[in-house]
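> Quick one, structure for this:
(2 chains)
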Number of protein chains: 2
Amino acid sequence: MELAEKEAILGMRRKHGGPFGAVIVRKGKVIAKAHNEVIKRNDPTAHAEITAIRKASKKLKKFYLSDCEIYTTCEPCPMCLCAIKWARIKRIFYGCSKDDARKIGFDDKKFYDSMRHRQKNMKSIDREHCLIPFEIWQDIKKKTRY
Amino acid sequence: MELAEKEAILGMRRKHGGPFGAVIVRKGKVIAKAHNEVIKRNDPTAHAEITAIRKASKKLKKFYLSDCEIYTTCEPCPMCLCAIKWARIKRIFYGCSKDDARKIGFDDKKFYDSMRHRQKNMKSIDREHCLIPFEIWQDIKKKTRY
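Presented below is the predicted three-dimensional model:
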């Protein structure tokens, strides 16, 4: 966690993004260190956790990190929490809470809420057409599942 | 949506990932097209929507895409839904439903559930240390907020 904290400070000082850092560890060895790079990369998805996952999966050449754990300086937002789940990371250690983050202007409460309720700005269109790729996928015999 | 469907088929045929495509449009103009690249990039976060957001924000050189809308062949998973929210995209058009996706082996129900309940594999440690970057952030007078 000390390394994650260092990343958070480093990223902030370099004006890469908000005060967040994350480290991915596998069998006691650090695989990836990252900090928030939303501003540097002009990428709203470049949170510390997602950036760490991208680095780790690239390094290990696999998209499942089920033998890894993640240390993040703050409780993950729903995007990162779900990314951690897609990456099959089994254990999450975090420092500050989402309430601590809210106090300094990073409020993801509305994001958590949005997972619970149907969104008004979402509309289904062209479902029949979009089912075509699904049908093709079903017909492929040899495929990598994830 | 036709373009998003083409992307989904293209990505699947090239074995880049699952049968999903997304397109970001701004004032009637296509800004970014993407398909799922989880397998190609060994990146569990490389869903079509996230890849499209990355491309669009890179192209427009801004991390807020509030004047854009997204067309995605399938109802976004919680990770992508939250990424769309972080990107401030206001309108979401989707084709297939998450139930359609579940039927072909892409089940994100457990991810939605995980947003509702406290996770057993999450533990807070070293909060006091992790508050330090937050305090430094608070003290910075000139900073880009997001």
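> moving C-terminal of the lowest-mean-pLDDT helix or strand in chain A, what's the next helix or strand?
One helix or strand of chain A scores below all others by mean pLDDT, DSSP states H and E: helix A:109-116, with a mean of 76. Later in the chain than helix A:109-116, the nearest helix or strand by DSSP states H and E is strand A:122-124.
> Check what contacts that following strand and list those residues.
With contact meaning C-beta atoms under 8 Å, 6 or more residues apart in numbering or on different chains, strand A:122-124 is reached by B:Glu75, B:Arg91, B:Ile92, B:Phe93, B:Tyr94, B:Gly95, B:Ser97. Glycine gets a C-beta too; all of them are placed from N, C-alpha and C.
> contacting residues for A:Glu14?
That one is not Glu; residue A:14 is Arg. A:Lys40.
> That one and chain B, how far apart?
12 Å (C-beta to the nearest C-beta, to the nearest Å).
> measure that residue to A:Ala101 for me?
To A:Ala101, A:Arg14 is 20 Å away according to C-beta to C-beta, to the nearest Å.
> Skipping its backbone neighbours, what lies nearest the most centrally placed residue in chain A in space?
Nearest residue to the geometric centre of chain A (C-alpha atoms, centre = their mean): A:Cys80, 2.9 Å. Distances taken as C-beta to C-beta, 6 or more residues apart in numbering or on different chains place A:Glu49 nearest to A:Cys80, at 3.8 Å, with adjacent residues excluded.
> Just read off the phi/psi values of that neighbour.
The phi/psi pair for A:Glu49 (degrees, to the nearest 10) reads phi -70, psi -50.
> How many neighbouring residues does it have?
Residues lying near A:Glu49 (other C-beta atoms under 10 Å in any protein chain shown) number 32.
> OK, contacts around it?
Counted by C-beta under 8 Å, 6+ apart, A:Glu49 has contacts A:Ala22, A:Ala34, A:Ile70, A:Thr72, A:Pro76, A:Cys80, A:Ala83, A:Ile84.
> One more: A:Asn36?
A:Ala8, A:Gly11, A:His16, A:Gly17, A:Gly18, A:Pro19, A:Phe20, A:Gly21, A:Ala46, A:His47, A:Ala48, A:Thr51.
> please redo it, this time with the cut-off set to 6 Å
A:Gly11, A:Gly17, A:Gly18, A:Phe20, A:His47, A:Ala48 (C-beta atoms under 6 Å, 6 or more residues apart in numbering or on different chains).
> Likewise for A:Glu69?
So A:Glu69 contacts A:Val25, A:Arg91 (C-beta under 6 Å, 6+ apart).
> And it, which helix or strand is it part of?
strand A:68-74.
> That strand pairs with which strands, and in what direction?
Applying DSSP bridges, strand A:68-74 is found paired with strand A:21-26 (antiparallel), strand A:91-96 (parallel).
> hey, which of the ones you listed is tucked in deepest?
strand A:21-26 (a mean of 26; mean count of other C-beta atoms under 10 Å in any protein chain shown).
> For that one, give me every contacting residue.
Against strand A:21-26 from outside (C-beta under 6 Å, 6+ apart): A:3-4, A:7-8, A:30-35, A:48-49, A:52, A:56, A:67-73.
> What count of nearby residues applies to the residue lying closest to A:Arg54 once chain neighbours are set aside?
Using C-beta to C-beta, 6+ apart and skipping the chain neighbours, the partner closest in space to A:Arg54 is B:Asp43 (5.4 Å). Using other C-beta under 10 Å, the number of residues around B:Asp43 comes to 24.
> same check, this time on A:Ile50
Neighbours around A:Ile50, by other C-beta under 10 Å: 29.
> Wait, it touches B:Thr45, no?
Yes: applying C-beta atoms under 6 Å as the test, A:Ile50 and B:Thr45 come out as touching, 5.4 Å apart.
> shared neighbours, the two?
A:Ala83.
> What is the end-to-end distance of stretch A:78-95?
16 Å (C-alpha to C-alpha, to the nearest Å).
> so where is chain A shaky, pLDDT-wise?
Scanning chain A for pLDDT under 70 picks out no residues.
> still on that earlier bit, remind me which helix or strand the residue nearest to the centre of chain A belongs to.
Counting by DSSP H and E, A:Cys80 is found in helix A:78-86.
> Buried ones in stretch A:75-91, by neighbour count?
A:75-87, A:89 (16 or more other C-beta atoms under 10 Å in any protein chain shown).
> Which single one of those residues is nearest to B:Ile136?
Closest approach between these and B:Ile136, by C-beta to C-beta: A:Glu75, at 18.8 Å.
> So that closest one is in contact with A:Tyr94, correct?
Yes: contact criterion C-beta under 6 Å: A:Glu75 and A:Tyr94 qualify, at 4.8 Å.
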